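Undergrad: The sequence and its predicted three-dimensional model are supplied below.
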Amino acid sequence: QVQLVESGGGSAQAGDSLRLACAASGSASVSYDMAWFRQAPGKEREFVAALSWTGGTYFADSVKGRFTISRDNANKKKYLEMNSLKPEDTAIYYCAARGPYLAETSVYADAYNYWGQGIQVTVSS
């Protein structure tokens, strides 16, 4: 079993930066793919970024060049660094994990087995 807990959300102005963290506990290990999704009010949950267990990174077009994803294996944490924030980045952000040792990294929410509770990010103009 894997437990995921997000932190670091909050409010920001357009153009600011925020860093989200996801702490993993339980059986989560470096062999898991980790991803971030977000859901804005009235919209479906959408893919933001993923980091495969082999180190590959994937980003939604809407955040490419502004967001980065990284992990600290020793502390079982992953991070989403969000730069040049826009009001349209406002959403609840979810940490997700799947694994272990999967051959392909997915950008689809239903492919992920484990989810955090979500954390609010609000960007004002």
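TA: Nice, thanks for sending it over.
Undergrad: all strands of the protein, in order?
TA: Taking DSSP state E to define them, one finds strands in the chain at 2-7, 10-13, 18-26, 33-39, 46-51, 57-59, 67-72, 77-82, 91-98, 114-115, 119-124.
Undergrad: hey, which of the ones you listed is tucked in deepest?
TA: Taking mean count of other CB atoms under 10 Å as the contact definition, the stretch among the strands of the chain with the greatest mean neighbour count is strand 33-39, which reaches a mean of 25. To be clear about C-beta, it is placed using only N, CA and C from the backbone, and glycine gets the same treatment.
Undergrad: just to revisit the earlier point, which one, of the strands of the chain, ends up nearest to Glu104?
TA: Taking CB to CB as the criterion, strand 33-39 is the member of these that comes nearest to Glu104, at 8.9 Å.
Undergrad: Mind giving me the packing neighbours of that closest one?
TA: Strand 33-39 makes packing contacts with strand 18-26, strand 46-51, strand 67-72, strand 91-98 when contacts are defined by 3 or more CB pairs under 8 Å, 6 or more residues apart in numbering; DSSP states H and E.
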